[in-house]
Structures are given as structure tokens and as C-alpha cells.
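Participant: Okay, predicted coordinates and the sequence, questions at the end:
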Amino acid sequence: MKPIDVIIETPKGSNLKYAYEPDSGFFKIKKALPAGMAFPYDFGFIPGTKGEDGDPLDIVVISEFTNFPGCKMECRLIGTIMAKQSEGKGKQARLRNDRLLGIPLPSVVFEKVHSIKNLPQKMLEELQAFFIQYNQMENKIFTVTGLLPPQQSYKLLTTLME
């Protein structure tokens, strides 16, 4: 599989959520996370894609380094955390809002990770818990529905390209 381009919105360790504004071409601080909560890895999007929620596909970039908002990098896709998300408690409409997982090509620590199956189970559980808690802060329900290996993730990605 060929590498994909990723744009980082929110860097690893940040307690601020940034969002890219296509009309202005700038990144804006969207919100502050509660004390003690921070993004566990770089979080961004895949340009030229469009998910069910109307936004570009989300991607978590797992690596040993921290980047900055607007950083473009090449990653290899290692899998997807499939998820449904709803606005508010009791709402029936649940949109698919997956989190693709990628490893930047320059990573040395994660250079041998080529599949979501290669990640420690504890790391996956913590990542899923972060997104559940993060969404609860906004009165949203985030439900993990499964995991996809890299080949199926790449196929999903290509079907959602604009």
C-alpha cells in the first residue's frame, strides 16, 4: 500500500483542540480540554476525503514525536477504529465517524508496526477510552463498533475520496 498524506490539526500532548478552517486557510483553537486531559497522539485529517459527517476522515498518527498544527506528513495506514457518534444523549441518529490509524514514515520506534494487530492491546484500549471521554465532554456518544486491518482501511479510504 502506498503512503497517504496527513495534515495534523492537534499535536500529541496538547490540551487544546485545533480545527482547520478551509475558508481562511488557518487553524483555529476550537476548545480547551479539562485539566489533566490531553491528546495521546497527533490527531489530524486526510485531505481529499469526506466521511459520513461531511468532514475529511480523521486520523490518529502514532509516533514517538510531536508535530504541530498544519504539519503535512506521509503515513502508512495500519488500521481503523470503526465508530458511531451521536449528538447528545437519547438521539437516535448515529453517524459513522471512524478513526484511522497511521504511522509516519520517519518513525523509528514504530517502524515495525504495519497493522493495528501489532499495537499493544492496552494502547488500543486507552485510545478508545480517550475518544469516548472526549465525546462525553460535548454530550456526544462515541461507540466503538470494530477494528479494521490495514488493507480494509485502505479500501475504505479510497471509497471516501472526493
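Facilitator: Here it is on my side, so go on.
Participant: State the mean pLDDT of the biggest strand by length in the chain.
Facilitator: The strand that spans the most residues within the chain, counting by DSSP state E, is strand 72-87. Strand 72-87 comes out with an average pLDDT of 94.
Participant: how far is that strand from where the chain is centred?
Facilitator: Centroid separation between strand 72-87 and its chain, computed with C-alpha atoms, centre = their mean, to the nearest Å, is 5 Å.
Participant: List the pairing partners of it within its sheet, with orientation.
Facilitator: The strands beside strand 72-87 in its sheet (DSSP bridges) come out as strand 4-10 (antiparallel), strand 94-96 (antiparallel), strand 99-104 (antiparallel), strand 140-148 (antiparallel).
Participant: Could you identify which of the ones you listed has the lowest mean pLDDT?
Facilitator: Mean pLDDT is lowest for strand 94-96 among the strands paired with strand 72-87, at a mean of 86.
Participant: Determine how far that strand lies from the middle of the whole chain.
Facilitator: With C-alpha atoms, centre = their mean, you get 15 Å for strand 94-96.
Participant: Any stretches of the chain with poor pLDDT?
Facilitator: Confidence mapping of the chain against pLDDT under 70 gives the ranges 88-93.
Participant: What residues of the longest strand of the chain count as buried?
Facilitator: For strand 72-87, a neighbour-count test (16 or more other C-beta atoms under 10 Å) marks 73, 75-86 as buried. The C-beta positions use only the backbone N, C-alpha and C, and glycine is treated the same way.
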